[in-house]
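Engineer: coords please:
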Amino acid sequence: MNRERLKNLYEKYKNRSLSPEEKLEWDILVRDPHLEDELSKILEDEWWDYRKEELEVLDIARADSIFSSIIQKPTQRHSKRLWPWIAAAASIVIAFFVIGQFYKSTDLNNETLAKIDDIAPGKVGATLTLANGKKIRLSSAANGQIANEAGITVTKTADGQLIYEIQKGTTDGEHRLNTLTTEKGESYRVRLQDGTIIWLNAASKLTYPENLSGVSIREVHLSGEGYFQVAKDKLHPFVVTTNNQRIQVLGTAFNVSAYEDDQITKTTLEEGSVKVNVGKNEQTLIPGQQAISKDNKIKIQDGDLEEALAWKNGYFRFKEENITSIMTKLSRWYNVDIEYIGEPTKETFTGTVDKNKKISQVLQMLQSTNGVSFKIKERRISVLP
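Structural biologist: Numbers count the residues shown, from 1 in each chain. Alright, predicted model coming up:
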């Protein structure tokens, strides 16, 4: 699609001068996920061209009326859109203005979400269990060296990372296993002795040898979710095992989601090449592909890298996702319990949300779609249809 054509249709949409044929074309284009980035660029460029005082002259009642027409349901069912994606289907000036008014009115009038002790997002933290059984709470441990075992030093950095280093001449440690565990509401990063870096998501556990230099296969075990940047070593393949996948790489970057309560394991490849084994089945992924396994079966499909890596990059990304899946992710990051009052809505939701927001802001965005509502008591969230 020519960007000038897209921009021309957008200008006509704003001026309400689309012909019937152009309106049909525009409606198709704004629903095309492949054009999302292009539309975002056009809208972002225009946003910065507007002065603040130009936004303030729009009457609130008029803005609400226009916004309602923008987000009204089409005749066919579709995924509920959260605020950051609305601009792709409407004038950015109106959308941003009404979003501001929404937050003001919600903060004032939404008693269910406003009159609560808000819940902060997760933070950097984890527990390191050494081979001798000693446990170290990393959130309270001082920065600097926290362990030294047989020539292997473990250092905690100020930015929330563990670094393993081997002293010259050390040959021991390949049989001593360490475990890094994150609880709900925690995430952490570790650099193994071979230079491999692993980001660990909330409610996850990673078990690995202290020393990888003396092993023929560099093998680690993951429960939960982790992103791997594997140091290249053709002579010593790197293997990640989960409950139902075995992923072998030489040097690459990929994400593995293997939460036990999800019942499926997803491996999404960003760079390089990996072999995924499920039982007797073996598949090789190329960048952009995803392997999904369940009940000893494996399926290969095109993956959504932005969605798979969103947690590592600081946000949630939902794409036609049901409410139970969304609430499971929120439960892990905000360390809350979830209960459903009645049958969960069958609506799906699409959008992007900053992980650093308090939970009330995230719930407000979901609730604003009129597809679901919530009640909060202490650290328990009730989901209502």
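Engineer: where in the stretch 1-150 of the chain is pLDDT low?
Structural biologist: Using pLDDT under 70 as the threshold, the predicted model of the stretch 1-150 of the chain has low-confidence ranges 1-2, 31, 33, 44-79, 81-117.
Engineer: do the same with the stretch 201-350 of the chain
Structural biologist: Flagging of the stretch 201-350 of the chain using pLDDT under 70 yields an empty set of residue ranges.
Engineer: And the strands in it, which stretches?
Structural biologist: When secondary structure is read from DSSP state E, counting those that start in this stretch, the stretch 201-350 of the chain shows strands at 204-209, 218-229, 238-241, 246-249, 253-258, 265-271, 274-278, 281-285, 289-294, 297-302, 315-322, 337-340, 348-354.
Engineer: Now render these as JSON lines, adding mean neighbour count and distance to Lys375.
Structural biologist: Where C-beta positions appear, they are placed from N, C-alpha and C, glycine not excepted. Formatted as JSON lines, the entries for the strands of the stretch 201-350 of the chain read as follows, by neighbours: other CB atoms under 10 Å; distance: least, CB to CB, whole Å:
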{"stretch": "strand 204-209", "mean neighbour count": "21", "distance to Lys375": "29"}
{"stretch": "strand 218-229", "mean neighbour count": "21", "distance to Lys375": "28"}
{"stretch": "strand 238-241", "mean neighbour count": "22", "distance to Lys375": "40"}
{"stretch": "strand 246-249", "mean neighbour count": "20", "distance to Lys375": "41"}
{"stretch": "strand 253-258", "mean neighbour count": "24", "distance to Lys375": "29"}
{"stretch": "strand 265-271", "mean neighbour count": "22", "distance to Lys375": "31"}
{"stretch": "strand 274-278", "mean neighbour count": "22", "distance to Lys375": "40"}
{"stretch": "strand 281-285", "mean neighbour count": "15", "distance to Lys375": "42"}
{"stretch": "strand 289-294", "mean neighbour count": "21", "distance to Lys375": "33"}
{"stretch": "strand 297-302", "mean neighbour count": "13", "distance to Lys375": "37"}
{"stretch": "strand 315-322", "mean neighbour count": "17", "distance to Lys375": "20"}
{"stretch": "strand 337-340", "mean neighbour count": "14", "distance to Lys375": "9"}
{"stretch": "strand 348-354", "mean neighbour count": "18", "distance to Lys375": "19"}
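Engineer: quick one: which of those strands is nearest Phe374?
Structural biologist: Using CB to CB as the criterion, the shortest distance between Phe374 and the strands of the stretch 201-350 of the chain is 9.8 Å, found for strand 337-340.
Engineer: circling back to that earlier point, using JSON lines, lay out the strands of the stretch 201-350 of the chain together with distance to Leu24.
Structural biologist: Converted to JSON lines, these look like this (distance: least, CB to CB, whole Å):
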{"stretch": "strand 204-209", "distance to Leu24": "47"}
{"stretch": "strand 218-229", "distance to Leu24": "41"}
{"stretch": "strand 238-241", "distance to Leu24": "48"}
{"stretch": "strand 246-249", "distance to Leu24": "45"}
{"stretch": "strand 253-258", "distance to Leu24": "38"}
{"stretch": "strand 265-271", "distance to Leu24": "35"}
{"stretch": "strand 274-278", "distance to Leu24": "42"}
{"stretch": "strand 281-285", "distance to Leu24": "38"}
{"stretch": "strand 289-294", "distance to Leu24": "33"}
{"stretch": "strand 297-302", "distance to Leu24": "28"}
{"stretch": "strand 315-322", "distance to Leu24": "23"}
{"stretch": "strand 337-340", "distance to Leu24": "39"}
{"stretch": "strand 348-354", "distance to Leu24": "22"}
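Engineer: The nearest residue to Gln367 once chain neighbours are set aside: neighbour count?
Structural biologist: Closest residue to Gln367 in three dimensions, ignoring its sequence neighbours and counting by CB to CB, 6 or more residues apart in numbering: Ser373, at 5.4 Å. As a burial measure, the neighbour count of Ser373 was computed by other CB atoms under 10 Å and equals 17.
Engineer: For Ser373, list the residues it contacts.
Structural biologist: Neighbouring residues of Ser373 by CB atoms under 8 Å, 6 or more residues apart in numbering: Thr112, Gln367, Val383, Leu384, Pro385.
Engineer: give me the beta-bridge partners of it?
Structural biologist: Residues in a beta bridge with Ser373, per DSSP bridges, are Leu384.
Engineer: which one of the contacts of Ser373 sits closest to Ala231?
Structural biologist: The nearest one, if we look at those relative to Ala231 and count by CB to CB, is Val383, at 42.6 Å.
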